[in-house]
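Participant: Fold the following, please.
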Amino acid sequence: MKKILLINILLLFCACDPRAIHEYYIQNNCEDVIVINILDYKDNSSSIDIAPNMERLIYTGETIGDVYEDGITYFIKDITVKKGDVISQKNLLDFHIWHFEKIGRYHAKSSLTINPEDFE
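Facilitator: You can find the predicted model right below:
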């Protein structure tokens with residue numbers, strides 16, 4: 001009985017994959033404030049203002065196991081960027097336009113720069 005209990009305890013603590021964190025940042029290189037609108041996979045919406053020449057964390061996602069470069073659509077259903085009344089036509093869900101940095105096996109950062117040309 002003690003062996004079974006010991007095996008169950010070992011399985012509980014050893015078989016669980018660790019939590020991985022993926023952070024998404026946007027840098028505003030425009031001369032005006034931009035607004036980022038996000039709809040995540042749980043249908044939660046948020047709106048984030050980013051001042052000119054500032055970088056801001058826009059979303060943090062958690063998974064079990066490793067972090068992957070193409071993970072943005074796992075966390076975010078829709079994301080748009082707006083400057084004044086103009087909405088950028090840039091597809092922010094395309095992971096190829098993000099700069100992916102794997103900080104560790106269970107931690108990553110993806111960054112994107114928004115420029116004035118993104119609103120033309």
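Participant: contacts, neighbours, all on C-alpha from now
Facilitator: Noted.
Participant: Do you have the helices of this protein handy? List them.
Facilitator: According to DSSP state H, the chain carries its helices in the segments 2-14, 72-75.
Participant: Lowest average confidence across these, which one?
Facilitator: Lowest mean pLDDT within the helices of the chain: helix 2-14, at a mean of 61.
Participant: Next up, the contacts around residue 21.
Facilitator: Applying C-alpha atoms under 8 Å, 6 or more residues apart in numbering to residue 21 gives the contacts 60-63, 67, 106-108.
Participant: any idea of the pLDDT on the spatially most central residue of the chain?
Facilitator: By C-alpha atoms, centre = their mean, the chain has its centre lying nearest to residue 24, at 3.5 Å. Turning to residue 24, the model gives it a pLDDT of 92.
Participant: right, and it touches residue 58 too?
Facilitator: Yes. Taking contacts as C-alpha atoms under 8 Å, residue 24 lies within contact range of residue 58: 5.7 Å.
Participant: Would you mind extracting the C-alpha trace of stretch 54-68 into CSV?
Facilitator: Extracted in CSV, the C-alpha atoms of stretch 54-68 (Å, rounded to 0.1, in the frame of the first residue of the first chain):
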residue,chain,number,x,y,z
MET,A,54,6.5,53.6,-26.4
GLU,A,55,6.4,49.8,-26.1
ARG,A,56,3.6,48.1,-24.2
LEU,A,57,2.7,44.6,-23.1
ILE,A,58,-0.6,43.9,-24.8
TYR,A,59,-1.3,40.3,-23.9
THR,A,60,0.1,37.4,-21.8
GLY,A,61,-0.8,33.9,-22.7
GLU,A,62,-0.2,30.7,-20.8
THR,A,63,0.1,27.1,-22.1
ILE,A,64,1.3,23.8,-20.8
GLY,A,65,4.7,22.7,-22.2
ASP,A,66,7.0,24.7,-24.5
VAL,A,67,6.4,28.0,-26.2
TYR,A,68,6.2,28.2,-30.0
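Participant: Buried by neighbour count: which residues of that stretch qualify?
Facilitator: For stretch 54-68, a neighbour-count test (16 or more other C-alpha atoms under 10 Å) marks 55, 58-59, 61, 63, 66-68 as buried.
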